[in-house]
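Student: the sequence and its predicted three-dimensional model are supplied below.
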Amino acid sequence: MVIQLIPNDIQGKFSTRVGFTASKKIGNAVKRNYAKRLMRALVYRQSNELASSFDYVFIARQSILNKKFYLIESEIMRAIKHFNKSIFEQK
RNA sequence: UUAGAGAGCUAGAUAGCUGCUUUACUUAUAUAAAAUUUUGAGUUGAGAGGAAAGUCCGGGCUUCACAGGAUCAGGAUGCUGGAUAACAUCCAGCGAGGGCGACCUUAGGGAAAGUGCCGCAGAAAUUAAACCGCCUUAGCUAAAUAGAUAAGGUAAGGGUGAAAUGGUGUGGUAAGAGCACACCGCGGUGUUGGUAACAAUACUGGUCAGGGUAAACCCCAUCCGAAGCAAGAUCAUAUAGGGGCAUACGCAUCUAAUAGCACUGGUGAUCCUGCCAGAUGCCCGGGUAGAUCGCUAAAACCUGUUGGUAACAAUAAGGUUCAGAUGAAUAGCUAUCAAAGAAGUUAUCUUCAAACAGAACCCGGCUUACAGGCUCUCUGAACAC
């Protein structure tokens, strides 16, 4: 999975925006739908960690279909913490 | 027991935690005269498939205002009868082919209207044809017969091919030949059975028609208007306002409306009959592309009854309500079971382990993909009684 993020100009409670992408490279409609559902569930669990005033885009890769849920979850947590650290340093 | 044939069902289950879309109701909030609507919260109900897929047929629905008819063009179907809203679907039969059998396959009208095409091989693949062979005659060479040459006869045999002008047998003949006869096949005319396709049978035809191909053109019969939910409707912006071009704007009536005649336009083309409209079309430039409805209660589903061999139909016989999204919900995790297994380590642990596949207006089909499990009926073979 690939995560992209960019700061936006929105302020307040609903300033964090999240998007999910699963292209045709991943497979047929069932597999793409499953990948999007999986990412949505993962991000919902980590919603408190996401930085405000940022747009996130989660792009699925083919390996997400076969990996265990908790392994992906730990990878996402590590990635998000890394982002938060760099954002904090930039400020 | 084993090998098959046909028909059908299922497409993980339970519990917990955390979510998403939506029906109904309650409540709060904002707007408003009100209805309604916006944004939250709560309760309650529902939430992918047998193929949702491919988008190949048929229909509903919507728009082209609509209806009927003739000719042409284009397309589809193609044994018979039935079912159906309709179909290229389904059911029951017939013919042909395959299988020991249960059973399976089959676009299956016309090549004795016309045109086209038929590679390679082969003498010859269609105004047919003599390569080898067989036979006769003539003279020659050798001598009871054989050889080559010439002129004829011949489709019985060989060889080629997917296919060589009906097949088998007997007679016949110089050798042969439907040349003649018998049987089979084929054509014609009857009879009987069947709604019919067709089957059986009788008589008759040897001038019995030179092969295949129609999923090649074509002929015959039957059927068919086009585009699609991005259809279309309503609301909002703006059917706005502006510039240019083309056609029409007629008759009659004191006048206006209505009606009439004429003109123009009206589903591939042309025409006719009715009917409808009276302004329409194009270009330049500017600008919008949001919301609501359509949208799911119906050729609906389940269980019966009656009729029918069946497809199916009828039913004031009961019961049920079963997704309605639009950056597109219908889910994620954990545990247990289904689960029997496989691999590794090694003697009790670890890892792996369920297909094809995701509604997008809705139905009826077809086609294609598909792991595992289950049920019923039938057939062959072997063994036992």
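Tutor: Happy to help now that I have it.
Student: quick one: the nearest residue to residue A:54 once chain neighbours are set aside from RNA strand B, how far?
Tutor: Computed as C-beta to C-beta, 6 or more residues apart in numbering, the closest residue to residue A:54 that is not its neighbour in sequence is residue A:5, at 5.1 Å. From N, CA and C alone the C-beta is placed, and that goes for glycine too. Computed as C-beta to the nearest atom of the strand, to the nearest Å, the residue A:5 to RNA strand B distance reads 17 Å.
Student: which SS class is residue A:5?
Tutor: strand (DSSP: H, G, I helix; E, B strand; the rest coil).
Student: burial measure for it, as a count.
Tutor: 18 (other C-beta atoms under 10 Å).
Student: which other helices and strands does the host helix or strand of residue A:72 contact?
Tutor: Using DSSP states H and E, residue A:72 sits within helix A:69-90. Judged by 3 or more C-beta pairs under 8 Å, 6 or more residues apart in numbering; DSSP states H and E, helix A:69-90 is in contact with strand A:2-7, helix A:29-45.
Student: helices or strands up against the helix or strand following the first one?
Tutor: Put plainly, it is strand A:2-7. For strand A:2-7, the following helix or strand on the C-terminal side (DSSP H and E) is strand A:17-21. Applying 3+ C-beta pairs under 8 Å, 6+ apart, one finds that strand A:17-21 makes contact with helix A:29-45, strand A:54-59.
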